[in-house]
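Q: coordinates only, no sequence provided:
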């Protein structure tokens, strides 16, 4: 009996390194992300944009896609940059900045003797491991303790950074230290190496993870991934302007009332102008409507939707 591949209209091309031992611990999400990038090589030209598109298409968090890319870089399947020379330049840049180069296959392997030496040389290491176990709600085996050791000893991350990262993993329902390692490598690769920078990055990741699905459903986008421009607008709403879904919902209603259809770009114009006018909450917008309503008292033809549209036009000009 023999079999043959049924390629259809699209073909995936993968390097033979995916068969290496380093790739054997890849998760299903890792494989899905790799196949998505292999199916559309254009995504590799801008991995940040590609990560957002793949996350939307596969129903994953952006942090999961970034972690998968970090894993495949560690496994030697992907390289950062256009060539081996680019990788060497990246390593040289790290050396110039005083950073350690990332290992080819993730964090170094630590023996029991290595771990004992780290524990002896760092009085706080035992307490950190205990705090990490408490955060994840599990007792670590030697391999898991070695991951904590690598984050501390090799990447030079502080205890508060590691605990922040693990708390994020718990909130994202990812309690595997293997996952935390991949995220840490990706963040390190992006230069996020201190707790304040990590806190801001994780805030944005978590806010976006919660908001994107709701906004996609609100605007009737189905499973279509945001374009880079659309994602930029949404990130500005929820992370930059820090608008809640209630205010975004008002902008959606105003958009549909004015145009007859949902449109992110139109809603973006409304929200930008609300923000510029100092409106931060539903109460702020409602107050503006009521102020306009008071000026229209005595008008028997008053309609709330018409007033809202008139308020928009009067306050901001035609959109």
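A: Received it, and whenever you're ready, just let me know what you need. Worth saying up front: this structure is predicted, and the values here are computed from it rather than measured.

Q: quick one: low-confidence residue ranges for the chain.
A: 7-9, 20-25, 74-76, 79-106, 292, 296-319 (pLDDT under 70).

Q: try it again at 50.
A: 82-96, 104, 314-319 (pLDDT under 50).

Q: pretty sure residue 163 contacts residue 130?
A: No - counting by Cβ atoms under 8 Å, residue 163 stays clear of residue 130, with 11.1 Å between them. C-beta coordinates here come from the backbone N, C-alpha and C atoms, glycine included.

Q: which of those two has more residues huddled nearby?
A: The residue with more neighbours, out of residue 163 and residue 130, is residue 163; 16 against 12, by other Cβ atoms under 10 Å.

Q: distance check, that one against residue 1.
A: Using Cβ to Cβ, to the nearest Å, residue 163 is found at 55 Å from residue 1.

Q: quick check: the gap between residue 261 and residue 285.
A: Applying Cβ to Cβ to residue 261 and residue 285 gives a distance of 21 Å.

Q: these two: who's more crowded?
A: Neighbour tally, residue 261 and residue 285, criterion other Cβ under 10 Å: the higher count belongs to residue 285, 22 against 10.

Q: any idea how far residue 151 is from that one?
A: For residue 285, the distance to residue 151 - Cβ to Cβ - is 45 Å.

Q: for the longest helix along the chain, buried residues please.
A: Taking DSSP state H as the criterion, the chain has its longest helix at helix 195-218. For helix 195-218, burial by neighbour count (16 or more other Cβ atoms under 10 Å) applies to 195, 198, 201-202, 205, 208-209, 211-212, 215-216, 218.

Q: now do it: which elements does it pack against?
A: Secondary-structure packing of helix 195-218 (3 or more Cβ pairs under 8 Å, 6 or more residues apart in numbering; DSSP states H and E): helix 62-74, helix 159-171, helix 228-235, helix 245-259.

Q: same thing but 6 Å
A: helix 159-171 (3 or more Cβ pairs under 6 Å, 6 or more residues apart in numbering; DSSP states H and E).

Q: now the helix it packs on against helix 195-218, angle please.
A: 20 degrees (axes from the mean of the first three to the mean of the last three Cα atoms, to 10 degrees).

Q: can you mark which positions in helix 159-171 are buried?
A: Neighbour-count burial for helix 159-171 [16+ other Cβ under 10 Å]: 159, 161-166, 168-169.

Q: which one of those is nearest residue 233?
A: residue 168 (24.6 Å; Cβ to Cβ).

Q: against residue 162, how distant is the closest one?
A: Where residue 162 is concerned, residue 168 sits at a distance of 11 Å (Cβ to Cβ).

Q: who touches both of the two?
A: With contacts defined as Cβ atoms under 6 Å, 6 or more residues apart in numbering, no residue is shared by residue 168 and residue 162.

Q: just give the number of residues close to residue 229.
A: By other Cβ under 10 Å, the burial measure for residue 229, its neighbour count, is 11.

Q: could you do residue 45 as well?
A: 9.

Q: try the one 5 residues further on
A: Other residues within reach of residue 50, judged by other Cβ under 10 Å, total 21.

Q: how about it, what does it touch?
A: Applying Cβ under 6 Å, 6+ apart, the residues near residue 50 are residue 43.

Q: and the strand or helix carrying it with helix 228-235, angle?
A: Element membership for residue 50 (DSSP states H and E) is helix 47-58. Using the same axes, to 10 degrees, the inter-axis angle of helix 47-58 relative to helix 228-235 is 80 degrees.

Q: quick one, helix 47-58 and helix 62-74 angle?
A: Going by the same axes, to 10 degrees, helix 47-58 makes 120 degrees with helix 62-74.

Q: just the buried positions in helix 47-58, please.
A: Quick answer for helix 47-58 (16+ other Cβ under 10 Å): 47, 50-58.

Q: does residue 36 touch residue 53 like I think?
A: No - between residue 36 and residue 53 there is no contact under Cβ atoms under 6 Å: 8.5 Å.

Q: before we move on, back to that, ok, which pair from the buried residues of helix 195-218 is furthest apart?
A: Applying Cβ to Cβ across the buried residues of helix 195-218, the maximum distance is between 195 and 218, 33.9 Å.

Q: from the chain's centre, how far out does stretch 132-145 sit?
A: From the chain centre to the centre of stretch 132-145 is a distance of 25 Å (Cα atoms, centre = their mean, to the nearest Å).

Q: other residues contacting it?
A: 129, 148, 163, 166-167, 175, 177.

Q: give me that answer again for 10 Å
A: Residues outside stretch 132-145 that contact it (Cβ atoms under 10 Å, 6 or more residues apart in numbering) are 109-112, 115, 118-119, 125-126, 129-130, 146-148, 151, 159, 162-167, 169-170, 174-178, 180-181.
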